[in-house]
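Engineer: fold the following and give me the result.
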Amino acid sequence: MPPCEFSSVDYLNLSIHPPLLLFSLVSLRSLDPFIWLPLESSLSLTSDLSSFLTDPINFSVDSWKSFTTDLAMNPFSSGTRLRDMIRSIRACKTAAEERAVVRKECAAIRAAISENDQDYRHRNLAKLMFIHMLGYPTHFGQMECLKLIAASGFPEKRIGYLGLMLLLDERQEVLMLVTNSLKQDLNHSTQYIVGLALCALGNICSAEMARDLAPEVERLLNSRDPNIKKKAALCSIRIIRKVPDLSENIMYPAASLLKEKHHGVLISGVQLCTELCKASRDALEHIRRNCTDVLVRILKDVSNSSYAPEYDIAGITDPFLHIRVLRLLRILGQDDADSSEAMNDILAQVATKTESNKNAGNAILYECVETIMGIEANSGLRVLAINILGRFLSNRDNNIRYVALNILMRVISVDTQAVQRHRTTILECVKDTDASIRKRALELVFLLVNDTNAKPLTKQLIDYLQVSDPDFKEDLTAKICLIVEKFSQEKLWYLDHMFKVLSLAGNYVKDDVWHALIVAISNAPDLQGYSVRSLYRALQASLEQESLVRVAVWCIGEYGEMLVNNIGCLDSEEPITVTESDAIDLVELALKRHTTDTTTRAMCLVSLLKLSSRFPPTSERVKEIVIHHKGNVELELQQRSIEFASIIQRHAGIKSTLLERMPVLDEASYLTKRAGSTQTTASGDSKSAPSGDSKTTSAIKVPNGVAKPPPAVSMPNLIDFSIDDGPVAPTTNTTTSDPHNFMQDLIDIDLPSSPPSGGESAPTVSADIIDLLNFGTTPVQNGPPASSPFSTTTTKSAVLETKPTPLPDLIDSLTLTSSSVEEKPENKSITAFQSDNLKITFSFKKQQEKPQDTLIHATFTNLSSNAYTDFIFQAAVPKFLQLHLKPASSNTLPANGNGTITQDLTVTNTQHGQLLNNLSALNQ
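Structural biologist: Residues are numbered from 1 along each chain as shown. As a prediction, this is how the structure comes out:
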């Protein structure tokens, strides 16, 4: 009869089964006193237990209750077994109960440590390791590990080394104390103790320990025991990683390990040689000269070996050794033609003979392909490797297909034609149900596109766009747009496919894409009528695609007369009948759609305003639609509605000029700026080409047959008044004589060059207003507008020519040369504003002791026939400027210029000189 076994759970239930307890305790003491003694000491109930065993018949009920109560309250002590502690912890219902159990057990272990309890030291350390795995602190038991390691017995050393690897790491100072014990155990006569020391050293070895114990490990590499050799090789890997300088001492015994027959030693030796090649160039050359043929022989033997049950996995002999040898061959053959030539035959043999219907075989084929593509292999071998990847793409395992796509993305730059043969299979992967495979396959398809296959690939991708998942539409749409932009040879093909993308996935098209589309349409006068009619049809079919709505309403506003009159019809185009009212209806429908965002509604209002100029009979209806949004909660729409209604009602004389068609945008400059600002590559050339080539302007391919602008050296656009995606006018030295242009750019409106006849003269602004910013140059008017495609008015862009002249006055942070700060600007007086009713003159003055301050003396003159009372002048400046207004000389401005009001202003630039310092730091 085996002795009875108790656990802490049994102790807690003693009061429920007293007869069983009586019988069990008596049987336990009589059968196995060696088991009973630790139990007796752990119960800590010697008196009650002795009386019970002496006279169990007369054992009182009170004594029994006391016995069971004490037993239930003291389930833990240093003698409690690990199994019982684990059961108690698992029986806890809450985290608080678990913490209480762990706290009691840790207290018992601390007590045992303080009492130097040697009988249960190994058991306490085992408990501490379990408590450590639960996340509780166990630092107080670190010295117990060293005591067990110093013991003479194997069981104590085993627990000690296990605790050393688990409770300590190489950063602990306590670890220095174990170096001597490790050295003694490495020289021990028992192989199992040597193995324990090697395992511990291979896991927690520090640089200091590596230098001290490297000779012992190097000696063990030549041991006769294969297990010691294997563990010594693995320990040497750790030593090399910590101290690479020791590679020259280990590379000679490491090379001898490759001649062993034991597969465990071979795998360890191959891995050790791999680490040596990574750590030392000398070791790499040594192993390349002396071990390449040996590795080829090992791979040939293991590939052609017969069935070996101890190494067989799924019918393949030791695939782990296969993989390790292939990885080492890849390192040896890289950039070395002779070594690559020596391994070509065996690689071809492995690639053709390995079965691909098992996972182990696929792993070997994968490493074989990686090795072939990583060495100087011949073209036939590379084609064989790519064909293997093509078979992987047809595998049902998602992991195999994914790794095949990853490798194909890397090797496409090596042999594009071989990858192109599997284009159909790759396109099928784009339609896969796995999201990661779809995304990776789409990136690979994008790299496969060239001038010859761009049209069929684009058609297939657009066809799949109709049925693709919503989560995948964004990536797919972005790639299609990039392909269409880069490989379009003619404008009509580009416009047709972009319209299809907008119709199918307009909500996923990025802003810079439809901005570029509008720029392309404005630069194609022969296709503007075709474009507006195509977009009109698409908008009639669906109003759900936001980008489609924006492009369509912009084109309808710009080219509405072409839509109604069928101007510019192509031979292949079917005519369409659209009335002026139909065009207004469609834009109004887009405006009132509840899901339309603020930007789209603003563009709809601009389109309606322009249609009121294109179609004068519809002005009243457009005005009613615009007035309806005067109370809109969106401030942007409210402001536009009020301003547009005012234009329609009160400024009919300037409306036709104000709402003229947008001038042709400079497409080449826009695309160049867009490519430089977004840093987006439209092909995989940036991955294969040198990094320096991918950053040059010549690497940018401008689509749609647009000529590239000549490279020009220009000042960085430090202050960009245009939107990020807007076109940039080329820098030119041509000046203009129109004094209104600079002010027009500041307020973003196209004022007429002369006041309209028969009405009040428009306010005039002096060209000297540029001195407010004091760029030290003359404004230049040239190039296309720098506004967004949905600007409310026709705008013009001013480009300033930079010259090394005295630059800033108010905005001193724009200083580009240090000498310009030292020059004192002249006091100037300008007419800041003048109309039929009011004239404002500014006089500027600088203080040499406070260069950041600018004093402005303002003079106000009333040119009307009525006197102004309660006159107040207010001004606003950017956040980096501080404005101080002094009291005005009066609040009454006499009529007919009979008197003036003066007021002094002080403007302080808080960023004075900061930009100069930043530019100097960047130049350095």
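Engineer: any buried residues in the helix or strand harbouring residue 602, and which?
Structural biologist: Secondary structure assigned from DSSP states H and E places residue 602 in helix 598-614. By neighbour count with 16 or more other C-beta atoms under 10 Å, helix 598-614 contains the buried residues 600-614. Where C-beta positions appear, they are placed from N, C-alpha and C, glycine not excepted.
Engineer: which of these lies closest to residue 531?
Structural biologist: residue 607 (14.6 Å; C-beta to C-beta).
Engineer: quick check: which ranges of this protein have low pLDDT?
Structural biologist: Scanning the chain for pLDDT under 70 picks out the ranges 1-79, 677-827, 913-924.
Engineer: max-length strand in it?
Structural biologist: Using DSSP state E, we find that the single longest strand of the chain is strand 850-862.
Engineer: can you give me the distance of residue 446 to residue 471?
Structural biologist: Distance, residue 446 to residue 471, by C-beta to C-beta, to the nearest Å: 18 Å.
Engineer: repeat that for residue 602.
Structural biologist: For residue 602, the distance to residue 471 (C-beta to C-beta) stands at 30 Å.
Engineer: and if you look at residue 866?
Structural biologist: Using C-beta to C-beta, we find residue 866 at a distance of 67 Å from residue 471.
Engineer: what does residue 394 give?
Structural biologist: Per C-beta to C-beta, residue 394 is found 25 Å from residue 471.
Engineer: so between those two, which is more surrounded?
Structural biologist: Applying other C-beta atoms under 10 Å to residue 394 and residue 471 shows that residue 394 carries more neighbours, namely 13 against 10.
Engineer: which secondary structure element contains the residue lying closest to that one once chain neighbours are set aside?
Structural biologist: Spatial nearest neighbour of residue 394, chain neighbours left out: residue 425 (6.5 Å); criterion: C-beta to C-beta, 6 or more residues apart in numbering. Assigned by DSSP H and E, residue 425 belongs to helix 423-430.
Engineer: contacting residues around that helix?
Structural biologist: 390, 393-394, 401, 405, 408, 437-438, 440-442, 444-445, 448, 453, 457, 460-461, 464, 476 (C-beta atoms under 8 Å, 6 or more residues apart in numbering).
Engineer: pretty sure residue 287 sits against residue 250.
Structural biologist: No - here residue 287 does not reach residue 250: they are 11.4 Å apart, not a contact under C-beta atoms under 8 Å.
Engineer: which neighbours do the two share?
Structural biologist: Taking C-beta under 8 Å, 6+ apart as the criterion, residue 287 and residue 250 both touch residue 276.
Engineer: from residue 407, how far out is residue 387?
Structural biologist: Taken as C-beta to C-beta, the span from residue 387 to residue 407 is 12 Å.
Engineer: mind listing what's buried in the helix holding residue 425?
Structural biologist: When neighbours are counted by 16+ other C-beta under 10 Å, the buried residues of helix 423-430 are found to be 423, 425-427, 429-430.
Engineer: dump those to CSV, plus distance to residue 381.
Structural biologist: Listed next are the buried residues of helix 423-430 as CSV, based on distance: C-beta to C-beta, whole Å:
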residue, distance to residue 381
423, 22
425, 21
426, 22
427, 26
429, 25
430, 29
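Engineer: between the residues you listed, which is nearest residue 123?
Structural biologist: Of all the buried residues of helix 423-430, residue 429 has the smallest distance to residue 123: 56.8 Å, by C-beta to C-beta.
Engineer: look up how far residue 478 lies from that closest one.
Structural biologist: With distances taken as C-beta to C-beta, residue 429 is found 18 Å from residue 478.
Engineer: do residue 518 as well
Structural biologist: 18 Å.
Engineer: ok, those two, which is more surrounded?
Structural biologist: A direct count of neighbours by other C-beta under 10 Å for residue 518 and residue 478 places residue 518 higher, at 21 against 18.
Engineer: and the more buried one, which helix or strand is it part of?
Structural biologist: In this structure, residue 518 is located in helix 511-522 according to DSSP H and E.
Engineer: after that helix, next one along is what?
Structural biologist: That would be, after helix 511-522 and using DSSP H and E, helix 528-541.
Engineer: residues of that next one that come out buried?
Structural biologist: If you call a residue buried by 16+ other C-beta under 10 Å, then helix 528-541 has these buried ones: 528-536, 538-539.
Engineer: ok, now stretch 264-278?
Structural biologist: Applying a neighbour-count criterion of 16+ other C-beta under 10 Å, the buried positions in stretch 264-278 are 264-277.
Engineer: how near is the nearest residue to residue 314 once chain neighbours are set aside to residue 267?
Structural biologist: Closest residue to residue 314 apart from its sequence neighbours, by C-beta to C-beta, 6+ apart: residue 358 at 4.2 Å. Distance, residue 358 to residue 267, by C-beta to C-beta: 20 Å.
Engineer: kindly report the same for residue 643.
Structural biologist: Where residue 267 is concerned, residue 643 sits at a distance of 79 Å (C-beta to C-beta).
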